[in-house]
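>>> Turn this into a structure:
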Amino acid sequence: MNVAELIEAYNRLASIRNVPPLTEWKDSRVKLFELVSLLRTVRPGAAPAPAEESKAPLQRRPRGTPIRSAIVEALMVITHYVERDTGKVVSLREAASLKRDRKTLLSVGLPYNECLERVREKYPGCKTTLGALRVAALRARDGLDGYQVYQLPQKRPHRKGRKPNAPIEKD
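Next comes the predicted model:
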């Protein structure tokens, strides 16, 4: 339908519904079509709801955005470097002053437990878990799910606990 046909349909329905008729329309055809549709649903004699008061659908804000930035900030911390060949620990200052190729060094970040403590310190009561941190690290490396691609540390210290090959002690 063109605008003239929509105005004709609106005025026909407006006369039945006791609404003032339109003489001209300068806005979009879609809005006029919505008004005609609205008049079709109104009972005769009842006033239709004004078009200006119709609210746009609520925009949902991205969930977890501030916590996401705190997670990435904690995951990006580099504590020291380790030489690939010898396993020797190299401090941040030494690594910055060395003139050799960075490919011989592995960056070491905070353990996930400490990352989680930092996030919970910044946002008390958050429901972030260790598994969520691991998933966030994976997604931040690959740039998935709205994450930017970040250069995260290449390895993290393992948590202290039972060795993988040690037998489980029974009481």
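
>>> and the next element down the chain from the helix or strand containing V82?
Using DSSP states H and E, V82 falls within strand 78-83. Downstream of strand 78-83, the first helix or strand assigned by DSSP H and E is strand 89-90.

>>> Give me the sheet partners of that following strand and which way each runs.
Note on strand 89-90: by DSSP bridges, its sheet partners are strand 78-83 (antiparallel).

>>> Now the partner strand: buried residues?
For strand 78-83, a neighbour-count test (16 or more other Cβ atoms under 10 Å) marks T79, H80, Y81, V82 as buried. (Each C-beta comes from the backbone N, C-alpha and C, glycine too.)

>>> And the average pLDDT for it is what?
Regarding strand 78-83, the rounded mean pLDDT is 84.

>>> can I get the CA coordinates of that strand in PDB?
What follows is strand 78-83, C-alpha atoms only, in PDB (Å, rounded to 0.1, in the frame of the first residue of the first chain):
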ATOM      1  CA  ILE A  78      52.800 -11.500  33.600                       C
ATOM      2  CA  THR A  79      54.800 -12.300  36.700                       C
ATOM      3  CA  HIS A  80      58.100 -13.500  35.100                       C
ATOM      4  CA  TYR A  81      59.600 -15.300  32.200                       C
ATOM      5  CA  VAL A  82      61.200 -18.800  31.800                       C
ATOM      6  CA  GLU A  83      63.800 -19.700  29.300                       C
END
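
>>> just how off-centre is it within its chain?
30 Å (Cα atoms, centre = their mean, to the nearest Å).

>>> low-confidence ranges in this structure?
For the chain, residues meeting the criterion pLDDT under 70 lie at 42-65, 99-102, 145-148, 159-171.

>>> thought Y112 was touching L133?
Yes: counting by Cβ atoms under 8 Å, Y112 does reach L133; the two are 5.0 Å apart.

>>> Looking at these two, which has the bigger crowd around it?
The neighbour comparison of Y112 against L133 (other Cβ atoms under 10 Å) goes to Y112, with 21 against 18.

>>> Can you tell me how far the more buried one is from R93?
According to Cβ to Cβ, to the nearest Å, Y112 and R93 sit 25 Å apart.

>>> And the one helix or strand E5 maps to, what's buried?
Using DSSP H and E, E5 falls within helix 3-17. Across helix 3-17, burial judged by 16+ other Cβ under 10 Å covers L6, I7, A9, Y10, N11, L13, A14, R17.
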